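[1] I need the structure of the sequence given here:
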Amino acid sequence: MSQSAVIRRRRFAALAGAAVLAAPMVARSQSKWKPDKPITIYNPFAAGGVTDVHVRLLGEAVGKILGQQIIVDIRAGAAGTLAPAMLMNAKPDGQSLAVMSINSLRYPHYQQTNWDPLKDFTYICGLSGYTMGIVVRSDSPWKTFEDMIVSGKTEPDKANFGTSGVGGTGQLMMIEVEQVTGAKFTHVPYKGGAEWMQALMGGEIQFIADAAQWAPFVDDGKCRILAFATEQRIERYKDVPTMIERGVNVVGQSPYGLVGPKNMPPEIVDAIYQAFRQAMTEPKVNEYLAKFIQGPWNKNPAEYRAFAEKYYGEVKPLLIKAGLAKS
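    Just a heads-up that it's a prediction; the model follows:
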């Protein structure tokens, strides 16, 4: 056999092999799951808040990708854990999903629930995470974090602060502040940022210890940041110190993601994950997040579950220290 004939046969064999390898991929794309009716996503926080608008923006893009409307259903309350609980009786068919806040990985440690965060949900993808800080109105007499601490020591429990719920990142952050400094403040839980911003501007509370729903108010000169609960300073507000710099070793960890009922078929999980992954690259989505010092939290199904399992096991000592859970 001539050398050219051998080369032709080898090229044919290589092409044939490539076709065999490609066939499952083609078949997979042709049989990729599509919803046959609108998808409902339960949102654990109040209407008009950052999470609500973020999910609706994602929903617009995902709806175009999957060919069905995305309906966002508000289920606020219980420290942001009601939304996942709505999935307990849902079919694992991809038509009912929920935004899971990190509170759902804390709540069962100190409150009886009819769901288990690791056994009763299918983890689909990460969405974003909140940047936490302490914020007052611009007319507050407190100019610094230290001013707030002095007030909490000289007049214990007089000043009220708002967060997104009992056991949430904001309250845990303030429990740590109180334990380290000896200051005392009164916690007022709300169902989300839209509510506690209204409360702050209306004078019902003296400060917020929570996510950056307050950022546009700071940018407009209506509010002032006293300190961030971050490891490093935020470039956008580089003159504002972290609480670590002020002697309180607190970093507010508060990501959120998308879950479904347990036992969802892998092909449905993958289709939804891929749709949200694509939607998370939309400029409109990321421009909105940037207003509130947020960005995409890119976790695939396996990574998100691994995060949940690790955090759920590690957070209990912190809850015990905070006096919320028992050893």
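[2] tell me where this structure is predicted with low confidence.
    For the chain, the stretches with pLDDT under 70 are 1-31.
[3] ranges for the helices of it?
    For the chain, applying DSSP state H gives helices covering 3-30, 50-66, 82-85, 145-154, 169-181, 193-201, 215-219, 266-279, 283-291, 301-321.
[4] those: which one's closest to residue 231?
    Among the helices of the chain, helix 169-181 comes nearest to residue 231, with 13.6 Å by CB to CB. Any C-beta I mention is one placed from the backbone N, CA and C, and that applies to glycine too.
[5] angle of the closest one against helix 301-321?
    For helix 169-181 against helix 301-321, the angle by axes from the mean of the first three to the mean of the last three CA atoms, to 10 degrees is 40 degrees.
[6] got the buried residues for helix 169-181?
    By 16 or more other CB atoms under 10 Å, the buried positions in helix 169-181 come out as 169, 170, 171, 172, 173, 174, 175, 176, 177, 178, 181.
[7] format these as a markdown table; extra columns: distance to residue 99.
    What follows is the buried residues of helix 169-181, written out as a markdown table (distance: CB to CB, whole Å):
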| residue | distance to residue 99 |
| --- | --- |
| 169 | 15 |
| 170 | 18 |
| 171 | 20 |
| 172 | 20 |
| 173 | 21 |
| 174 | 24 |
| 175 | 25 |
| 176 | 26 |
| 177 | 28 |
| 178 | 30 |
| 181 | 33 |
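[8] my guess is residue 77 contacts residue 189. True?
    No. Using CB atoms under 8 Å, residue 77 is not in contact with residue 189; the gap is 9.6 Å.
[9] shared neighbours, those two?
    residue 165 (CB atoms under 8 Å, 6 or more residues apart in numbering).
[10] distance of the residue nearest to residue 260 when sequence neighbours are not counted relative to residue 87?
    Sequence neighbours aside, residue 122 is the residue nearest to residue 260 in space, at 4.4 Å (criterion: CB to CB, 6 or more residues apart in numbering). Counting by CB to CB, to the nearest Å, the separation of residue 122 from residue 87 is 9 Å.
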